[in-house]
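>>> Please find the sequence and the predicted model below.
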Amino acid sequence: MAIVVLSPGILTSVQDGGRQGYQQYGVSPSGPMDAHAFRTANILVGNDPDEAGLEMTVMGAELTFTDAAVIALAGADMGATLNGTKTDMYRALCVQAGDVLKLGFALSGCRTYLAVRGGIGTEPVMGSRATMIGKNFGGYKGRKLQKDDVLEIRPCSKEFPHPETYFTQPEPVQPGVRTLRVILGPQADRFTEKGIHTFLSSEYTVGQDFDRQGYRLEGEKIEHKTDSNIISDGVVTGSIQVPGTGLPIVMTAERATVGGYTKIATVITADLPLIGQCKAGDRIRFQEVTVETAQDLLQQEADRLALLRKQVEDPSHLPQKSVPAAAAQAPAVEHEYEYTKDVTISINGISYEVTIQKWKEE
(Lines give C-alpha, C1' and ligand atoms only; values in the text may rest on other atoms or scores of the structure.)
Protein backbone atom coordinates (compact mmCIF):
# COMPACT_ATOMS: atom_id res chain seq x y z
CA MET A 1 0.00 0.00 0.00
CA ALA A 2 1.27 3.45 -0.82
CA ILE A 3 0.46 7.11 -1.38
CA VAL A 4 1.66 8.67 -4.64
CA VAL A 5 2.24 12.42 -4.73
CA LEU A 6 0.63 13.98 -7.80
CA SER A 7 1.36 17.52 -6.62
CA PRO A 8 3.19 18.37 -3.37
CA GLY A 9 1.63 21.76 -2.59
CA ILE A 10 3.82 24.46 -1.09
CA LEU A 11 5.40 22.51 1.77
CA THR A 12 4.32 18.98 2.58
CA SER A 13 6.47 16.78 4.80
CA VAL A 14 6.36 13.56 6.79
CA GLN A 15 6.13 14.21 10.53
CA ASP A 16 5.57 12.13 13.64
CA GLY A 17 5.48 13.02 17.32
CA GLY A 18 9.06 14.28 17.21
CA ARG A 19 12.65 13.22 17.77
CA GLN A 20 13.25 13.17 21.52
CA GLY A 21 16.52 12.86 23.43
CA TYR A 22 19.03 14.40 21.00
CA GLN A 23 19.06 18.08 21.83
CA GLN A 24 22.44 17.77 23.57
CA TYR A 25 23.78 16.93 20.11
CA GLY A 26 22.16 19.97 18.51
CA VAL A 27 19.15 18.09 17.10
CA SER A 28 15.77 19.64 17.87
CA PRO A 29 12.62 17.50 18.04
CA SER A 30 10.98 18.66 14.78
CA GLY A 31 7.51 17.03 14.60
CA PRO A 32 4.16 18.74 13.92
CA MET A 33 3.68 22.48 14.31
CA ASP A 34 0.12 21.81 15.52
CA ALA A 35 0.35 18.72 17.69
CA HIS A 36 -3.32 19.07 18.68
CA ALA A 37 -4.62 18.62 15.11
CA PHE A 38 -1.91 16.06 14.26
CA ARG A 39 -2.78 13.77 17.16
CA THR A 40 -6.51 14.19 16.58
CA ALA A 41 -6.14 13.00 12.97
CA ASN A 42 -4.19 9.94 14.11
CA ILE A 43 -6.78 8.97 16.70
CA LEU A 44 -9.49 9.24 14.04
CA VAL A 45 -7.84 6.41 12.06
CA GLY A 46 -7.07 4.28 15.11
CA ASN A 47 -3.33 5.08 15.20
CA ASP A 48 -1.08 5.91 18.09
CA PRO A 49 -1.37 9.73 18.45
CA ASP A 50 2.27 10.26 17.42
CA GLU A 51 2.26 7.96 14.37
CA ALA A 52 3.85 9.35 11.19
CA GLY A 53 1.56 11.34 8.88
CA LEU A 54 1.73 14.36 6.57
CA GLU A 55 1.89 18.06 7.44
CA MET A 56 0.77 20.44 4.67
CA THR A 57 1.47 24.18 4.88
CA VAL A 58 -0.59 27.03 3.32
CA MET A 59 -1.44 24.96 0.21
CA GLY A 60 -2.07 21.25 0.37
CA ALA A 61 -1.01 18.33 -1.80
CA GLU A 62 -2.78 16.24 -4.41
CA LEU A 63 -2.41 12.53 -3.65
CA THR A 64 -3.58 9.18 -4.96
CA PHE A 65 -3.69 5.77 -3.30
CA THR A 66 -2.48 2.47 -4.73
CA ASP A 67 -4.77 0.40 -2.46
CA ALA A 68 -7.71 0.83 -0.13
CA ALA A 69 -6.83 2.82 3.00
CA VAL A 70 -8.36 4.72 5.89
CA ILE A 71 -7.40 8.39 6.24
CA ALA A 72 -8.41 11.47 8.25
CA LEU A 73 -7.78 15.21 7.92
CA ALA A 74 -7.52 17.77 10.73
CA GLY A 75 -6.26 21.32 11.18
CA ALA A 76 -6.66 24.12 8.65
CA ASP A 77 -9.50 23.89 6.13
CA MET A 78 -7.92 23.52 2.69
CA GLY A 79 -11.16 22.70 0.88
CA ALA A 80 -10.32 19.01 0.50
CA THR A 81 -11.98 17.02 -2.28
CA LEU A 82 -12.02 13.28 -2.92
CA ASN A 83 -12.41 12.43 -6.61
CA GLY A 84 -13.59 15.98 -7.20
CA THR A 85 -16.27 15.97 -4.48
CA LYS A 86 -15.88 18.00 -1.30
CA THR A 87 -15.05 15.72 1.59
CA ASP A 88 -15.23 16.00 5.35
CA MET A 89 -12.48 16.65 7.85
CA TYR A 90 -12.30 15.28 11.39
CA ARG A 91 -13.61 11.82 10.49
CA ALA A 92 -12.26 8.54 9.14
CA LEU A 93 -12.54 8.29 5.35
CA CYS A 94 -12.29 4.97 3.53
CA VAL A 95 -10.50 5.48 0.19
CA GLN A 96 -10.07 3.00 -2.62
CA ALA A 97 -7.25 2.26 -5.04
CA GLY A 98 -7.00 5.07 -7.58
CA ASP A 99 -8.90 7.63 -5.50
CA VAL A 100 -7.52 11.17 -5.67
CA LEU A 101 -7.43 13.45 -2.62
CA LYS A 102 -6.81 17.10 -3.44
CA LEU A 103 -6.28 20.02 -1.08
CA GLY A 104 -6.04 23.69 -2.06
CA PHE A 105 -5.10 26.90 -0.26
CA ALA A 106 -5.87 27.17 3.44
CA LEU A 107 -9.21 28.91 3.88
CA SER A 108 -8.36 29.43 7.54
CA GLY A 109 -5.24 28.67 9.54
CA CYS A 110 -1.99 27.49 8.00
CA ARG A 111 -1.43 23.74 8.37
CA THR A 112 -3.47 20.61 7.63
CA TYR A 113 -2.61 17.09 8.77
CA LEU A 114 -3.30 13.83 6.97
CA ALA A 115 -3.22 10.64 9.00
CA VAL A 116 -3.40 7.23 7.34
CA ARG A 117 -4.20 4.05 9.23
CA GLY A 118 -0.93 2.25 9.93
CA GLY A 119 1.19 5.37 9.42
CA ILE A 120 3.74 6.46 6.82
CA GLY A 121 6.51 3.88 6.50
CA THR A 122 9.68 5.90 6.00
CA GLU A 123 12.94 4.79 7.64
CA PRO A 124 13.33 6.16 11.20
CA VAL A 125 16.33 8.40 11.94
CA MET A 126 17.28 8.64 15.62
CA GLY A 127 14.07 6.84 16.48
CA SER A 128 11.76 9.18 14.57
CA ARG A 129 10.25 9.57 11.10
CA ALA A 130 9.92 13.36 11.50
CA THR A 131 11.45 15.42 8.69
CA MET A 132 14.10 17.96 9.75
CA ILE A 133 13.78 20.10 6.64
CA GLY A 134 16.41 22.62 7.70
CA LYS A 135 19.01 19.87 8.23
CA ASN A 136 17.92 17.54 5.39
CA PHE A 137 17.33 14.32 7.27
CA GLY A 138 14.46 12.17 8.49
CA GLY A 139 11.06 11.82 6.86
CA TYR A 140 11.19 11.09 3.13
CA LYS A 141 14.77 11.59 1.87
CA GLY A 142 15.22 14.41 4.39
CA ARG A 143 13.17 16.90 2.37
CA LYS A 144 9.71 18.20 1.59
CA LEU A 145 7.71 16.04 -0.78
CA GLN A 146 7.95 16.33 -4.56
CA LYS A 147 5.85 15.18 -7.49
CA ASP A 148 5.90 11.40 -8.05
CA ASP A 149 7.23 10.58 -4.57
CA VAL A 150 5.83 7.27 -3.31
CA LEU A 151 5.16 6.89 0.41
CA GLU A 152 4.70 3.38 1.74
CA ILE A 153 1.88 2.85 4.23
CA ARG A 154 2.73 0.58 7.14
CA PRO A 155 0.41 -2.40 7.59
CA CYS A 156 -1.88 -2.32 10.61
CA SER A 157 -2.73 -5.61 12.29
CA LYS A 158 -5.45 -4.18 14.54
CA GLU A 159 -9.06 -4.53 13.43
CA PHE A 160 -11.07 -1.47 12.42
CA PRO A 161 -14.61 -2.83 12.78
CA HIS A 162 -16.68 0.37 12.67
CA PRO A 163 -14.93 3.29 10.89
CA GLU A 164 -18.22 5.22 10.95
CA THR A 165 -17.74 5.91 14.67
CA TYR A 166 -14.35 7.54 14.18
CA PHE A 167 -15.34 11.19 13.96
CA THR A 168 -15.44 14.30 16.12
CA GLN A 169 -16.73 17.83 15.81
CA PRO A 170 -14.67 19.98 13.40
CA GLU A 171 -12.41 22.51 15.08
CA PRO A 172 -12.19 25.49 12.70
CA VAL A 173 -9.22 27.80 13.17
CA GLN A 174 -10.68 30.98 14.64
CA PRO A 175 -9.86 34.31 12.95
CA GLY A 176 -8.75 37.42 14.83
CA VAL A 177 -6.08 37.94 17.46
CA ARG A 178 -4.63 34.76 18.96
CA THR A 179 -3.64 34.94 22.60
CA LEU A 180 -0.56 32.88 23.47
CA ARG A 181 -0.11 32.15 27.16
CA VAL A 182 3.48 32.38 28.35
CA ILE A 183 5.70 31.89 31.37
CA LEU A 184 8.13 34.75 31.81
CA GLY A 185 11.85 33.97 31.70
CA PRO A 186 14.48 32.68 31.75
CA GLN A 187 16.05 36.11 31.08
CA ALA A 188 13.08 38.34 31.94
CA ASP A 189 15.35 40.21 34.37
CA ARG A 190 17.33 41.52 31.38
CA PHE A 191 14.38 43.66 30.30
CA THR A 192 13.13 46.93 31.80
CA GLU A 193 9.76 47.14 33.51
CA LYS A 194 8.59 49.10 30.49
CA GLY A 195 9.89 46.35 28.20
CA ILE A 196 7.92 43.65 30.06
CA HIS A 197 4.80 45.84 29.95
CA THR A 198 5.23 46.38 26.20
CA PHE A 199 5.57 42.64 25.62
CA LEU A 200 2.43 41.75 27.59
CA SER A 201 0.23 44.63 26.43
CA SER A 202 1.05 44.97 22.72
CA GLU A 203 -0.40 43.31 19.65
CA TYR A 204 2.15 41.77 17.30
CA THR A 205 1.84 40.71 13.66
CA VAL A 206 3.43 37.63 12.08
CA GLY A 207 5.93 38.89 9.51
CA GLN A 208 6.85 37.35 6.18
CA ASP A 209 9.75 35.50 7.84
CA PHE A 210 8.00 32.54 9.44
CA ASP A 211 8.70 28.82 9.07
CA ARG A 212 9.19 25.64 11.05
CA GLN A 213 12.26 27.14 12.75
CA GLY A 214 10.66 30.30 14.09
CA TYR A 215 8.24 33.21 13.69
CA ARG A 216 9.53 36.78 13.54
CA LEU A 217 6.93 39.20 14.85
CA GLU A 218 6.41 42.87 14.00
CA GLY A 219 5.14 45.53 16.38
CA GLU A 220 6.27 47.51 19.43
CA LYS A 221 9.94 47.17 20.33
CA ILE A 222 10.76 45.60 23.69
CA GLU A 223 13.26 47.51 25.79
CA HIS A 224 16.34 45.79 27.26
CA LYS A 225 18.15 47.04 30.33
CA THR A 226 21.50 46.85 28.54
CA ASP A 227 21.81 44.68 25.42
CA SER A 228 20.35 41.49 24.00
CA ASN A 229 23.41 39.23 24.16
CA ILE A 230 23.91 36.39 26.62
CA ILE A 231 26.25 33.41 26.85
CA SER A 232 24.50 30.84 24.68
CA ASP A 233 22.18 28.57 26.61
CA GLY A 234 19.31 26.18 25.94
CA VAL A 235 16.36 26.97 23.69
CA VAL A 236 13.09 25.04 23.75
CA THR A 237 10.10 24.99 21.42
CA GLY A 238 8.14 28.10 22.36
CA SER A 239 11.13 30.13 23.58
CA ILE A 240 10.68 33.81 22.72
CA GLN A 241 13.99 35.44 21.88
CA VAL A 242 14.36 39.22 21.71
CA PRO A 243 17.47 40.24 19.74
CA GLY A 244 18.86 43.77 19.48
CA THR A 245 16.00 44.86 17.20
CA GLY A 246 13.65 44.61 20.20
CA LEU A 247 11.20 42.46 18.19
CA PRO A 248 10.30 38.98 19.46
CA ILE A 249 11.02 35.70 17.66
CA VAL A 250 8.98 32.64 18.69
CA MET A 251 11.05 29.48 18.28
CA THR A 252 9.17 26.53 16.77
CA ALA A 253 9.61 22.84 15.89
CA GLU A 254 12.94 22.96 14.04
CA ARG A 255 14.54 25.73 16.12
CA ALA A 256 18.14 25.70 17.28
CA THR A 257 18.83 23.95 20.57
CA VAL A 258 20.96 26.81 21.95
CA GLY A 259 21.00 30.55 21.36
CA GLY A 260 22.76 33.74 22.42
CA TYR A 261 19.82 36.17 22.59
CA THR A 262 17.81 37.02 25.69
CA LYS A 263 14.60 35.04 26.11
CA ILE A 264 11.79 37.08 27.63
CA ALA A 265 9.30 34.21 27.95
CA THR A 266 8.23 30.76 26.76
CA VAL A 267 4.92 29.87 25.09
CA ILE A 268 3.24 27.10 27.09
CA THR A 269 3.04 23.71 25.36
CA ALA A 270 -0.77 23.71 25.25
CA ASP A 271 -0.74 26.91 23.14
CA LEU A 272 1.98 25.95 20.64
CA PRO A 273 -0.69 24.69 18.18
CA LEU A 274 -2.11 28.23 18.04
CA ILE A 275 1.07 29.69 16.59
CA GLY A 276 1.49 26.61 14.40
CA GLN A 277 -1.69 27.70 12.61
CA CYS A 278 -0.51 31.31 12.13
CA LYS A 279 0.76 32.75 8.85
CA ALA A 280 1.98 36.16 7.68
CA GLY A 281 -0.39 38.94 8.71
CA ASP A 282 -1.97 37.08 11.62
CA ARG A 283 -2.06 38.92 14.95
CA ILE A 284 -0.77 37.71 18.32
CA ARG A 285 -0.91 38.86 21.93
CA PHE A 286 0.86 37.39 24.96
CA GLN A 287 -0.63 36.63 28.38
CA GLU A 288 1.40 35.66 31.45
CA VAL A 289 0.36 32.53 33.37
CA THR A 290 1.93 30.42 36.11
CA VAL A 291 3.76 27.13 35.72
CA GLU A 292 0.89 25.42 37.55
CA THR A 293 -1.65 26.77 35.05
CA ALA A 294 0.52 25.59 32.16
CA GLN A 295 0.71 22.11 33.67
CA ASP A 296 -3.07 21.99 34.20
CA LEU A 297 -3.73 23.01 30.59
CA LEU A 298 -1.33 20.35 29.31
CA GLN A 299 -3.10 17.72 31.41
CA GLN A 300 -6.44 18.86 30.00
CA GLU A 301 -5.12 18.30 26.49
CA ALA A 302 -3.96 14.79 27.42
CA ASP A 303 -7.39 14.10 28.94
CA ARG A 304 -9.08 15.39 25.77
CA LEU A 305 -7.12 12.96 23.60
CA ALA A 306 -7.87 10.06 25.93
CA LEU A 307 -11.59 10.92 25.90
CA LEU A 308 -11.61 11.21 22.11
CA ARG A 309 -10.02 7.79 21.73
CA LYS A 310 -12.58 6.29 24.11
CA GLN A 311 -15.46 7.91 22.23
CA VAL A 312 -14.45 6.83 18.73
CA GLU A 313 -13.87 3.24 19.81
CA ASP A 314 -17.44 3.08 21.18
CA PRO A 315 -20.27 2.42 18.66
CA SER A 316 -22.64 4.46 20.85
CA HIS A 317 -20.66 7.49 19.58
CA LEU A 318 -22.84 7.28 16.45
CA PRO A 319 -25.71 9.79 16.13
CA GLN A 320 -29.11 8.29 16.85
CA LYS A 321 -30.88 7.12 13.69
CA SER A 322 -34.53 7.86 13.04
CA VAL A 323 -36.85 4.95 13.90
CA PRO A 324 -39.94 3.68 12.06
CA ALA A 325 -43.29 5.10 13.16
CA ALA A 326 -44.38 1.80 14.71
CA ALA A 327 -41.26 1.70 16.83
CA ALA A 328 -41.69 5.33 17.75
CA GLN A 329 -45.11 4.51 19.22
CA ALA A 330 -43.70 1.87 21.51
CA PRO A 331 -43.53 2.87 25.17
CA ALA A 332 -40.22 4.37 26.16
CA VAL A 333 -38.03 2.32 28.45
CA GLU A 334 -37.26 4.14 31.66
CA HIS A 335 -33.62 4.09 32.68
CA GLU A 336 -32.43 4.78 36.18
CA TYR A 337 -29.18 6.73 36.37
CA GLU A 338 -26.54 5.87 38.91
CA TYR A 339 -25.49 9.52 38.85
CA THR A 340 -25.88 12.72 36.88
CA LYS A 341 -23.17 15.34 37.08
CA ASP A 342 -22.72 18.75 35.45
CA VAL A 343 -19.08 19.61 34.82
CA THR A 344 -17.10 22.32 33.04
CA ILE A 345 -14.27 21.26 30.78
CA SER A 346 -11.77 23.55 29.08
CA ILE A 347 -10.23 22.81 25.69
CA ASN A 348 -7.70 25.26 24.29
CA GLY A 349 -8.94 27.92 26.68
CA ILE A 350 -12.63 27.52 25.69
CA SER A 351 -15.00 26.33 28.44
CA TYR A 352 -17.82 23.86 27.72
CA GLU A 353 -20.70 22.88 30.02
CA VAL A 354 -21.17 19.10 29.89
CA THR A 355 -23.63 16.76 31.61
CA ILE A 356 -22.29 13.31 32.44
CA GLN A 357 -24.80 10.52 33.17
CA LYS A 358 -24.17 6.88 33.94
CA TRP A 359 -26.93 4.28 33.71
CA LYS A 360 -27.44 2.10 36.72
CA GLU A 361 -26.56 -1.46 35.79
CA GLU A 362 -29.36 -4.00 36.04
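Arrived safely. All values derive from a computational prediction rather than experimental measurement.
>>> okay, CA-based contacts and neighbour counts for the rest of this
Noted.
>>> what pLDDT does Leu298 get?
pLDDT for Leu298: 97.
>>> so how far is Tyr215 from it?
22 Å (CA to CA, to the nearest Å).
>>> neighbour-wise, which of these two wins?
Counted by other CA atoms under 10 Å, Leu298 and Tyr215 do not tie: Tyr215 has more neighbours, with 24 against 18.
>>> Return the residues in contact with the more buried one.
By CA atoms under 8 Å, 6 or more residues apart in numbering, the residues touching Tyr215 are 206-207, 209, 249-252.
>>> In a strand, it, correct?
Yes - counting by DSSP: H, G, I helix; E, B strand; the rest coil, Tyr215 is located in a strand.
>>> Could you work out the end-to-end span of stretch 174-185 for me?
One end of stretch 174-185 sits 28 Å from the other (CA to CA).
>>> Then stretch 284-297?
Using CA to CA, the span of stretch 284-297 from its first residue to its last is 19 Å.
>>> what ranges of the stretch 251-362 of the chain fall below the confidence cut-off?
Applying pLDDT under 70 to the stretch 251-362 of the chain flags residues 317-362.
>>> Skip the chain neighbours and tell me the closest residue to Ala253.
Closest residue to Ala253 apart from its sequence neighbours, by CA to CA, 6 or more residues apart in numbering: Ser30 at 4.5 Å.
>>> The one you found touches Thr257, doesn't it?
No - using CA atoms under 8 Å, Ser30 is not in contact with Thr257; the gap is 11.1 Å.
>>> higher neighbour count, these two?
Legend: neighbour count by other CA under 10 Å for Ser30 and Thr257, higher for Ser30 (27 against 20).
>>> Okay, and the beta partners of Ile240?
Val250, Ala265 (DSSP bridges).
>>> Just the pLDDT at it, thanks.
pLDDT, Ile240: 98.
>>> how close does the nearest residue to Glu223 once chain neighbours are set aside get to Ile249?
Sequence neighbours aside, Gly195 is the residue nearest to Glu223 in space, at 4.3 Å (criterion: CA to CA, 6+ apart). Distance, Gly195 to Ile249, by CA to CA: 15 Å.
>>> contacting residues around stretch 5-14?
52-64, 104, 120, 129-131, 139-140, 143-150.
>>> Of those, keep whichever come out buried.
Buried by 16 or more other CA atoms under 10 Å: 52-64, 104, 120, 129-131, 139-140, 143-146, 149-150, out of the contacts of stretch 5-14.
>>> OK, contacts around His224?
Per CA under 8 Å, 6+ apart, neighbours of His224: 190-192, 195, 246.
>>> what about the helices in the stretch 251-362 of the chain?
With DSSP state H, counting those that start in this stretch as the criterion, the stretch 251-362 of the chain has helices at 272-276, 291-312, 325-328.
>>> which secondary structure elements does the longest one contact?
In this case it means helix 291-312. When contacts are defined as 3 or more CA pairs under 8 Å, 6 or more residues apart in numbering; DSSP states H and E, helix 291-312 packs onto helix 35-43, strand 337-347.
>>> Next, the angle helix 35-43 makes with it.
Inter-element angle recorded for helix 291-312 and helix 35-43: 20 degrees (by axes from the mean of the first three to the mean of the last three CA atoms, to 10 degrees).
>>> Thanks a lot, catch you later.
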